[in-house]
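[1] model the structure of this input:
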Amino acid sequence: MRTKCIALLSDFGTHEPFVATMKGILLSRAPALSIIDITHQIPPQDIKTAAFYLMAAMPYMPKSTLFLAAVDPMVGMGRGIVWARTENYQFISPDNGLISWVEQKEKIKEARFINNSSLFMDNISSTFHGRDIMAPVAAAIARGLPEKKIGPIFSGYRRFPFPLPVKAGNRVTGQVIAIDHFGNAITNIRRDYLSARSVFNIADRMLKGLKLTYASVPEGEAMALIGSFGFLEFSVRNGSFARAFEVKIGSPVEAIASLDA
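    Reported below is the predicted structural model:
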């Protein structure tokens, strides 16, 4: 699947030249590429936050985009690198489960173990496979490399399940799965589990009803709303919900249809 667009996601930050050197490899080998930065502010080594943002951003990218996702706490320790494709997209990532949650949007149709060393940089750092392996392979795919030359079919790539909420009667139990730059606590509970009158329990605090916008309450007040990716989230207007209520990834959340139900 030839591509004209590479979408990058990493925990590299932007203070050092790591992202720039990957882009340099991509554009040196495939000058016609367009490159989109999804984010480089994933918390260091946080594979599950990376999996969430990859899943959330994927549907908004141009069809045939190749996602190069580099969050790799086991770099240099013998883990593999995997290429995979769905009906509309391609992915290159460490074999650490990072691509697991894209299947909430599109099923993975094929995966291959990347082992064609002729595509790699001549000198491979043991600490930067994003630059020395993943980027040059992505550039080769962009130029039309046949899939069979990436490496062998690989059905045993690592996966971890998406933490689906549990519904029992009029109650839904879920958890926080991401905390964004603003301190909003994003949960695994989708819009279709809830109503405008739902009541929420999180961090020993009860919140009533869904608000429409972040400005729907007075400054400093907490609220529940459906965020732009379609999941329930908790926010403080002009503040950080996560910091104010000491909420972390994995914190439990309960939603009740309404107190009157």
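[2] helices of the stretch 151-261 of the chain, residue ranges please.
    Secondary structure of the stretch 151-261 of the chain (DSSP state H, counting those that start in this stretch): helices at 241-245.
[3] show me where it has strands.
    166-168, 171-179, 185-190, 199-202, 205-208, 210-211, 222-226, 231-236, 252-256 (DSSP state E, counting those that start in this stretch).
[4] these: which one's closest to Arg79?
    strand 171-179 (23.2 Å; CB to CB). C-beta: built from backbone N, CA, C; applies to glycine.
[5] hmm, who's touching the closest one?
    Residues from elsewhere that reach strand 171-179, judged by CB atoms under 8 Å, 6 or more residues apart in numbering: 48-49, 52-53, 163, 165-166, 185-189, 193-194, 202, 231-232, 242, 247-257.
[6] switch the strands of the stretch 151-261 of the chain over to JSON lines; also include mean neighbour count, distance to Ile141 and mean pLDDT.
    Output for the strands of the stretch 151-261 of the chain, formatted as JSON lines (neighbours: other CB atoms under 10 Å; distance: least, CB to CB, whole Å; pLDDT from 0 to 100):
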{"stretch": "strand 166-168", "mean neighbour count": "10", "distance to Ile141": "40", "mean pLDDT": "94"}
{"stretch": "strand 171-179", "mean neighbour count": "20", "distance to Ile141": "29", "mean pLDDT": "96"}
{"stretch": "strand 185-190", "mean neighbour count": "23", "distance to Ile141": "31", "mean pLDDT": "96"}
{"stretch": "strand 199-202", "mean neighbour count": "20", "distance to Ile141": "43", "mean pLDDT": "96"}
{"stretch": "strand 205-208", "mean neighbour count": "14", "distance to Ile141": "46", "mean pLDDT": "94"}
{"stretch": "strand 210-211", "mean neighbour count": "18", "distance to Ile141": "42", "mean pLDDT": "94"}
{"stretch": "strand 222-226", "mean neighbour count": "20", "distance to Ile141": "36", "mean pLDDT": "96"}
{"stretch": "strand 231-236", "mean neighbour count": "24", "distance to Ile141": "31", "mean pLDDT": "97"}
{"stretch": "strand 252-256", "mean neighbour count": "19", "distance to Ile141": "39", "mean pLDDT": "96"}
